[in-house]
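J.: here you go, sequence then predicted model.
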Amino acid sequence: MLTTKQKADLGILFKIPNSIRLAYLRHKFAGDKVLCPCCKSTFREFAPFSIWKKPNSWCVRCESLERHRALWMYLEDKTDIYRKPVKLLHVAPEDMLFKRFAQEANIDYYPADILPYLYQKGTKYLDLLDPDIPDNTFDVILCNHVFAYIHDDKKAIRNVYKMLKPGGWGILQVALDPTKAETHEDLTITDPKERERVFGLNDHVRLYGLDYKDTLEAAGFEVRVDDYTAEFTDDEIFKYGFWKGDPFYVVTKKL
């Protein structure tokens, strides 16, 4: 656990250039108790993430978070994405996954976002609400922690379904409260602080509940909720820095 002084040090560090901050934190968290599967770095623990101050969360080498590391391992362990030719759409492409997908010879990689300049060079423009979005184009679609930013999320989900080839699959993660049966959405909440309190981030417009699966099925998907972290011991959960009980929403489009 971090001492009060260490927490204060981290607060100061978030005000200095990222490269210097990361170099300091690599020294600060040096050790071999945790392992980042994305960059293979080891530390005594992962750093707390700045927004929520969650412990054992942030890799200070590749900047992966819990969900990125779990997805990295899930794709290797549970899918054939690296073993056969696939055309992959990656919405809001996370840096560490972008680098991996871009170098895989079997992957025809299409990273895209509505704000492509915020991502790695080569990211294309894509608006998930575009009425002219292409049909039956991709074998695999990864779209993680995107829908909570979009007012008409159901249209965006339908367009993801539209772009997926028959027989194709995807992983569509969202910020979700597993203690809530229903998604909480209130577009009248415009104050950033209130949005952060209610939805977790000030630019989110909803917090999903367990009815997210129903929303995906209503768009046409077959949905499998795979609690991948349940396969790991508590020691392994700590070692890889996962969220325990954060299942993957794996969707397929019928042939």
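T.: Great, that's in hand.

J.: and the helices in the stretch 101-250 of the chain?
T.: 153-163, 192-199, 212-218, 234-240 (DSSP state H, counting those that start in this stretch).

J.: single out the most deeply packed of these.
T.: Of all those, helix 153-163 has the most neighbours on average by mean count of other C-beta atoms under 10 Å, namely a mean of 20. The C-beta positions use only the backbone N, C-alpha and C, and glycine is treated the same way.

J.: ok, and what's touching that one?
T.: Contact with helix 153-163 is made by 89, 91, 128-130, 133-138, 141, 143, 146-147, 150, 170, 172, 206, 215-216, 218-221, 251, 253, as judged by C-beta atoms under 8 Å, 6 or more residues apart in numbering.

J.: and stretch 45-65, by the same measure?
T.: Contacts of stretch 45-65 (C-beta under 8 Å, 6+ apart): 1-2, 7, 10, 14, 22, 25-26, 28-29, 31, 33-34, 36, 38-39, 41, 43, 66, 69, 72, 94-96, 201, 238, 241.

J.: got a PyMOL select line for the buried ones in these?
T.: Here is the PyMOL command that selects the buried residues among these (16 or more other C-beta atoms under 10 Å):
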select buried, resi 2+10+22+25+28+29+34+36+38+39+41+43+66+69+72+94+96+201+238+241
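
J.: narrow the contacts of stretch 45-65 to those in helices?
T.: The helices, defined by DSSP state H, take in 7, 10, 22, 25-26, 28, 66, 69, 72, 95-96, 238 from the contacts of stretch 45-65.

J.: in the residues you listed, find the pair that's most separated.
T.: Using C-beta to C-beta, those span at most 27.9 Å, a distance reached by Lys7 and Trp72.

J.: check what pLDDT the nearest residue to Asp130 once chain neighbours are set aside gets.
T.: Once flanking residues are discounted, Asp130 sits nearest to Asn159: 7.2 Å by C-beta to C-beta, 6 or more residues apart in numbering. Note on Asn159: pLDDT of 98.

J.: much appreciated, bye for now.
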